[in-house]
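S.K.: what's the 3D shape of this:
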Amino acid sequence: MQLIRSIEEIPDHCRGGALTIGNFDGVHRGHVRIIQQLKQSAMAINGPAIVFTFDPHPVCILRPEMAPAPLTWIDRKADLLSEVGVDAVFAYPTDRALLELSYEQFFDRVIRNQLGAKAVVEGPNFCFGRGRKGTIEQLRILCARHAIELSIVEPLLDGPSYISSSRIRELIRDGHVDSAARLLTHPYRIRGMVTHGQARGAALGFPTANLEAVDTLVPSFGVYAGRAYVDHRLHWAAIHVGNNPTFGDRIAKVEVHILDFAESLYGRVLEVDFVRRLRDIRRFESVDELRDQVQRDVALTRRAAQEERT
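M.R.: Numbering: from 1, shown residues only. A predicted model of the protein is given here:
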């Protein structure tokens, strides 16, 4: 799978295929339904299955104060799309010039000329072009005019509600990482740079990697069982998100205690999956009481790891 960041440098083998356009934030099960149709359309025309996405999300430029916290960074998004069978991802470096194109201009310049699409796959609520004035009906007319096959994929229901990135954000904000994982195609993951902390975890016997510069949505305050990835190796971890009221700390942090791990990670980027919420953050009356609770957190994390293996 190719991740291409310049629309001006499109390999010939990535043109003339089936195309879908969207943010695909999180790459959830509803997105997978679109990708399944995309692959069918690509097979029917004997062409590649192509995703056109935006980096950053257009609202970050148009209304930055309303921009949602992303669920995936672009390389992670491309990896997840590759796992479900996409041949190439165009991560367009979003700018005002692109966002000022009318829907007719966007269709002619991007869909027809630059990508040479022979098939397009979208959901019924798809909008494109300046002011989002290009609706699915306008897309249907343009595709018919230029003999481009259009497939409309209905959203995927989970219970009474549709699966959506915004619904998944709400679950993660509330700490329901297991419910979010059920709607995604994978456990929810963040990444951050490991920096020096106050070494309180090490003093307790549970050293932690302190993550900063996290560029996606951070789950709500709490302690979680999860997994950390070091050099592509999986390690189970107990993850603390929030402040530390026992020591009077008010600054929220993400602290990762990797089980049975002693290597230094300072200055490295660490990726972490959230598998299960264990408890709320609270103040303990003594350091010994806190240490006992952390021991229980680690034991519950080990149990989660054992349950997954069986």
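
S.K.: where exactly do the strands run in this structure?
M.R.: Per DSSP state E, the chain carries strands over the ranges 2-4, 18-21, 49-55, 88-93, 119-122, 149-152, 157-158, 161-162, 188-195, 209-212, 222-230, 233-242, 253-258, 269-279.

S.K.: Run me through the strand neighbours of the fifth one, direction for each.
M.R.: Pointing back at strand 119-122 there. Partners of strand 119-122 in the sheet, by DSSP bridges, are strand 18-21 (parallel), strand 149-152 (parallel).

S.K.: Quick check: which of those is nearest to residue 133?
M.R.: With Cβ to Cβ as the criterion, residue 133 lies closest to strand 18-21 of these, at 15.0 Å. For the C-beta atoms, the positions are set from N, CA and C on the backbone; glycine is no exception.

S.K.: any low-confidence regions in the stretch 1-150 of the chain?
M.R.: Along the stretch 1-150 of the chain, the model assigns pLDDT under 70 to no residue.

S.K.: any chance you could map the helices in it?
M.R.: For the stretch 1-150 of the chain, helices defined by DSSP state H, counting those that start in this stretch occupy the ranges 29-45, 59-62, 74-83, 96-99, 103-106, 136-145.

S.K.: what would the strands of the chain look like in CSV with distance to residue 176 and mean neighbour count?
M.R.: What follows is the strands of the chain, written out as CSV (distance: least, Cβ to Cβ, whole Å; neighbours: other Cβ atoms under 10 Å):
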stretch, distance to residue 176, mean neighbour count
strand 2-4, 30, 17
strand 18-21, 28, 26
strand 49-55, 26, 23
strand 88-93, 28, 20
strand 119-122, 29, 25
strand 149-152, 31, 16
strand 157-158, 13, 13
strand 161-162, 14, 12
strand 188-195, 10, 20
strand 209-212, 21, 22
strand 222-230, 10, 23
strand 233-242, 13, 21
strand 253-258, 18, 22
strand 269-279, 7, 19
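
S.K.: so which of the ones you listed gets nearest residue 128?
M.R.: The nearest among those, by Cβ to Cβ, is strand 18-21 at 6.5 Å.

S.K.: Extract the CA atoms of the closest one and return them as PDB.
M.R.: Coordinates of each C-alpha in strand 18-21 appear next as PDB, following Å, rounded to 0.1, in the frame of the first residue of the first chain:
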ATOM      1  CA  ALA A  18     -12.100   3.200  -7.800                       C
ATOM      2  CA  LEU A  19     -12.000   6.200  -5.500                       C
ATOM      3  CA  THR A  20     -13.600   7.200  -2.200                       C
ATOM      4  CA  ILE A  21     -13.100  10.600  -0.600                       C
END
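
S.K.: what does it rub up against?
M.R.: With contacts defined as Cβ atoms under 8 Å, 6 or more residues apart in numbering, strand 18-21 is touched by 34-35, 38-39, 41-42, 45, 47-53, 111, 115, 117-122, 126, 128.

S.K.: Identify the bridge partners of the spatially closest residue to residue 144 that is not a sequence neighbour.
M.R.: Excluding the flanking residues, the one nearest residue 144 by Cβ to Cβ, 6 or more residues apart in numbering is residue 150, at 7.5 Å. Taking DSSP bridges, one finds residue 120 as the beta-bridge partners of residue 150.

S.K.: who's in contact with residue 150?
M.R.: By Cβ under 8 Å, 6+ apart, the residues touching residue 150 are 119, 120, 121, 122, 139, 140, 143, 144.

S.K.: so which of those residues comes closest to residue 82?
M.R.: Nearest to residue 82 among these is residue 121, at 17.2 Å by Cβ to Cβ.

S.K.: Looking at this structure, which helix is longest?
M.R.: Using DSSP state H to define each element, the chain has its longest helix at helix 287-309.

S.K.: Restricting to C-alpha, output stretch 42-49 in CSV.
M.R.: Provided in CSV are the C-alpha atoms of stretch 42-49 (Å, rounded to 0.1, in the frame of the first residue of the first chain):
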residue,chain,number,x,y,z
ALA,A,42,-12.0,-1.7,-8.2
MET,A,43,-12.2,-5.4,-9.1
ALA,A,44,-15.0,-4.8,-11.6
ILE,A,45,-13.0,-2.2,-13.5
ASN,A,46,-9.7,-3.9,-13.0
GLY,A,47,-8.2,-0.9,-11.3
PRO,A,48,-6.7,0.1,-7.9
ALA,A,49,-8.8,0.9,-4.8
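
S.K.: need the contact list for the most centrally placed residue in the chain.
M.R.: Residue closest to the average C-alpha location in the chain (Cα atoms, centre = their mean): residue 72, at 2.4 Å. Residues near residue 72 by Cβ under 8 Å, 6+ apart: 25, 26, 27, 80, 189, 216.

S.K.: which of these tops the neighbour count?
M.R.: Neighbour counts for those (other Cβ atoms under 10 Å) peak at residue 26, which has 30 neighbours.

S.K.: Look up the closest residue to that one, ignoring the ones flanking it.
M.R.: Nearest to residue 26 is residue 71, by Cβ to Cβ, 6+ apart, at 3.7 Å.
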